[in-house]
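Peer 1: need the 3D shape of this:
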Amino acid sequence: MKAIAVLPGRADSARLTEIAKPSVTDIPAGRGVLVRVLRVGLDGTDKEINAAEYGTAPPGEDMLITGHESLGIVAETGPAVTELAPGDYVVARVRRAGTSLYDLIDTPDMTTDDDYFEHGISRVHGFLTEYYVEEPRYLIRVPRQLAHVAVLLEPTSVAEKGILQAYDIQRRLKVWQPRRAAVLGAGTIGLLATMILRNRGLAVTTFGLDEPPYLNSDLVEALGASYVSTKQHSLHEAADGGYDLVFEATGYAPIVFDAMHSLLAKNGVLILSSVTGGTRRVEVPADAINLDFVLGNKVMFGTVNANREHFEAGVRDLALTEAQYPGWLSRLLTHPVHGLDHYPEALGALGTPGAIKVYLEIAAA
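Peer 2: Got it, this is the predicted structure:
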């Protein structure tokens, strides 16, 4: 069967290749689930892996099948599988368990291992192929009514994790009742974070670079949130008393220090979700930032990936959004590309004007 693979460490090595079709018997004790891949979303991670910025092949292999944002349909189950049945739509978790305490309690997204396991990224093959086999615990069942937008579940889970952990952290305040939130970045993660926060009833301001009107600003406003272009207004100008929760998803690290100093209200929490591999340096008002955080009881934390709890929260938020704002999620699916053979076209679409979610249509249900 077909798959898209890279040679980690070699730039622009993505290619179409042939691999053996997996079997439910590849998972021991009758616990295998064979999944036919329907759609795979692409993001900057896939582009960076093809550019040889990172990416690690599975042990004993020289190639890595890429793709971590999946949607599939169960084709076959092993005899000991009771959680899923053929015909179920599923999305696979990205992280696989390692050896740390956190891996052992099924939260591999919190691993303390230096070597981690991540489909399509690190030491585990990804989903840009026709079939894969997995254990039931790593699969999230998706209602049939959400199948048309479920390729968005993996990025939704990333935003869900950050927001749920912010609420967990803020239990320190006993009566924390956030009313205002800021989202930095109006790309896929920023839009999904805006959606989640609006579903929680917060007044949300989403900051993007481009001037409105354009699709992303329209999507923000369609949720009842406000859009602000940082070309037109600085964060300081738009702070207006500060925000209880700030979700950063820009990919531009220097803005973090502006947010720390300008946006965060007393007792506020700042969530960092961008993975930035650059070498930027900035000069910051260190004393003022430190003083604000100490006297204002403020918190900043980083978040990466997600576990089952966050994927399942994502299913609920996608369902709620589809019910309240019919068609909104479909507007995020801007760039469909048909067939694994056209992977270069999909990769090239990343970052182009108007692109929110680029994805490959691999098979029909």
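
Peer 1: so where's the stretch 101-250 of the chain shaky on pLDDT?
Peer 2: Along the stretch 101-250 of the chain, no part satisfies pLDDT under 70.

Peer 1: let's see it at 90
Peer 2: 234, 236-241 (pLDDT under 90).

Peer 1: give the rounded mean pLDDT of stretch 289-302.
Peer 2: Here stretch 289-302 scores 97 as its mean pLDDT.

Peer 1: where's L329 relative to I27, distance?
Peer 2: L329 sits 32 Å away from I27, going by Cβ to Cβ, to the nearest Å. The way it works is simple: take the backbone N, C-alpha and C, and place the C-beta from them, glycine included.

Peer 1: those two: who's more crowded?
Peer 2: Set L329 next to I27 and count neighbours by other Cβ atoms under 10 Å: L329 wins out with 23 against 19.

Peer 1: the more buried one against A319, yeah?
Peer 2: No - using Cβ atoms under 8 Å, L329 is not in contact with A319; the gap is 10.0 Å.

Peer 1: most centrally placed residue in this structure?
Peer 2: Nearest residue to the geometric centre of the chain (Cα atoms, centre = their mean): P155, 2.5 Å.

Peer 1: for that residue, pull up the helix or strand it's in.
Peer 2: Element membership of P155 [criterion: DSSP states H and E] is helix 153-169.

Peer 1: what is that helix packed up against?
Peer 2: In terms of contacts (3 or more Cβ pairs under 8 Å, 6 or more residues apart in numbering; DSSP states H and E), helix 153-169 is packed against strand 69-77, helix 188-199, strand 243-248, strand 264-272, strand 299-302, helix 308-324.

Peer 1: could you rerun that using 6 Å?
Peer 2: For helix 153-169, the packing partners by 3 or more Cβ pairs under 6 Å, 6 or more residues apart in numbering; DSSP states H and E come out as helix 188-199, strand 264-272, helix 308-324.

Peer 1: chain center to it: distance?
Peer 2: Helix 153-169 sits 9 Å away from the centroid of its parent chain (Cα atoms, centre = their mean, to the nearest Å).

Peer 1: what is whatever helix or strand comes next after it packed up against?
Peer 2: Proceeding N to C from helix 153-169, the next assigned helix or strand is strand 180-184, under DSSP H and E. With contacts taken as 3+ Cβ pairs under 6 Å, 6+ apart, strand 180-184 sits against helix 188-199, strand 203-208, strand 243-248.

Peer 1: the residue located most distally from the centre of the chain is in what secondary structure piece?
Peer 2: No residue in the chain sits farther from the centre than D287, which is 33.6 Å out by Cα atoms, centre = their mean. Per DSSP H and E, D287 falls inside helix 286-295.

Peer 1: next, the buried residues of that helix.
Peer 2: Across helix 286-295, burial judged by 16 or more other Cβ atoms under 10 Å covers I289, D292, F293.

Peer 1: run a quick neighbour tally on V90.
Peer 2: Using other Cβ under 10 Å, V90 has 22 neighbouring residues.
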